[in-house]
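**Student:** I'll drop the sequence and a predicted model, then ask my questions.
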Amino acid sequence: MENELLRVTGLTRYYGNRVGCRDVNFTLWPGEVLAIVGESGSGKSTLLSLLSGRLMPTAGEVSYRDRDGLWLSLAELGEADRRRLQRTDLGVVHQNPRDGLRMRVSAGGNIGERLMALGQRHYGRIRGAGLDWMERVELDPERIDEHPSAFSGGMQQRLQIARNLVTGPRLIFMDEPTSGLDVSVQARLLDLLRELVSSLGLAVVLVTHDLAVARILAHRMMVMRGGEVVETGLSDQVLDDPCHPYTQLLVSSILQA
Ligand SMILES: Nc1ncnc2c1ncn2[C@@H]1O[C@H](COP(=O)(O)OP(=O)(O)OP(=O)(O)O)[C@@H](O)[C@H]1O
């Protein structure tokens, strides 16, 4: 079991008396893409915030194995260590790129900022990384000095992805990364994500309500309802042969759509 990247046990979060998510357990391996699916209010965002250390659990634990093989409990890390981990090994791609970008900073600044936060000071190298990453996410490097507000929604999302990947993280959390985009833009972004994730060997926890997105990107799926995991398994298996009545309903509803 020494190769696991993330270990989640009994993870629970209440908001007052209301269940956000309850007793979630799973492990994630390096390079694995896990999709969390379920209807609105099922606890997907709560779980993602707990996993990325942006929300503290009521009970249970999230442990992350760092590059030295040490297990770190996210809740027990001090604020400074948690922030450092969030800036180096982890990344978060928000549904709305405006939540993940600094809108008053240039595209290059958005990408370079995370490198500077890690202590890089050489302007030429930081700009070089910005140009390189713009190209990798299919943005025109000549637009490096423009602000994100001059970019389309799909371009902003690609910039947000570049900002996250520039520090070479091992695990990325994505919250509905393709929703809100035109279908053709969505398809192109999915292709790009799939290519980046496999070439970089990234592990991803992806929240989506779109089962087609889950099938394209994820190796494994976890189906949530009412804050609890009702089914988990390989994506194709869950979608082609769902066991839980709720998953059967979800799958049949998209087949009818
Ligand atoms: N800040 C909060 N305060 C109180 N209740 C909350 C809060 N955030 C979430 N909840 C509740 O927790 C439950 C799970 O919500 P969550 O946002 O995690 O679901 P979701 O599956 O991500 O939904 P959506 O797909 O609509 O974003 C819901 O009942 C929601 O009302």
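**Tutor:** It's in. Numbering: from 1, shown residues only.
**Student:** strands of the protein, start to end?
**Tutor:** Assigned by DSSP state E, the chain shows strands spanning 6-15, 18-28, 33-37, 59-65, 71-73, 90-93, 171-175, 203-207, 220-225, 228-234.
**Student:** okay, those in TSV with mean pLDDT next?
**Tutor:** Below are the strands of the chain laid out as TSV (pLDDT from 0 to 100):
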stretch	mean pLDDT
strand 6-15	97
strand 18-28	97
strand 33-37	95
strand 59-65	96
strand 71-73	92
strand 90-93	92
strand 171-175	94
strand 203-207	95
strand 220-225	96
strand 228-234	96
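**Student:** reformat these as JSON lines; add distance to the ligand.
**Tutor:** Heads up, the C-betas are built off the backbone N, CA and C, glycines and all. Below are the strands of the chain laid out as JSON lines (distance: least, C-beta to the nearest ligand atom, whole Å):
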{"stretch": "strand 6-15", "distance to the ligand": "3"}
{"stretch": "strand 18-28", "distance to the ligand": "4"}
{"stretch": "strand 33-37", "distance to the ligand": "8"}
{"stretch": "strand 59-65", "distance to the ligand": "15"}
{"stretch": "strand 71-73", "distance to the ligand": "22"}
{"stretch": "strand 90-93", "distance to the ligand": "14"}
{"stretch": "strand 171-175", "distance to the ligand": "8"}
{"stretch": "strand 203-207", "distance to the ligand": "7"}
{"stretch": "strand 220-225", "distance to the ligand": "7"}
{"stretch": "strand 228-234", "distance to the ligand": "11"}
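**Student:** now render these as CSV, adding mean neighbour count.
**Tutor:** Formatted as CSV, the strands of the chain follow (neighbours: other C-beta atoms under 10 Å):
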stretch, mean neighbour count
strand 6-15, 17
strand 18-28, 18
strand 33-37, 26
strand 59-65, 18
strand 71-73, 13
strand 90-93, 23
strand 171-175, 24
strand 203-207, 24
strand 220-225, 23
strand 228-234, 18
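**Student:** out of those strands, flag the one nearest Leu47.
**Tutor:** Between Leu47 and these, the shortest gap by C-beta to C-beta is with strand 18-28, which sits at 4.8 Å.
**Student:** what angle separates that closest one from strand 171-175?
**Tutor:** Using axes from the mean of the first three to the mean of the last three C-alpha atoms, to 10 degrees, the inter-axis angle of strand 18-28 relative to strand 171-175 is 140 degrees.
**Student:** so how far is strand 18-28 off the chain centroid?
**Tutor:** Remark: strand 18-28 is offset 17 Å from the chain centroid, using C-alpha atoms, centre = their mean, to the nearest Å.
**Student:** show me what contacts Gly100?
**Tutor:** Gly100 is in contact with Val92, Val93, His94, Gln160, Arg163, Asn164, counting by C-beta atoms under 8 Å, 6 or more residues apart in numbering.
**Student:** swap that for Pro141, sorry
**Tutor:** Neighbouring residues of Pro141 by C-beta under 8 Å, 6+ apart: Leu131, Met134, Glu135.
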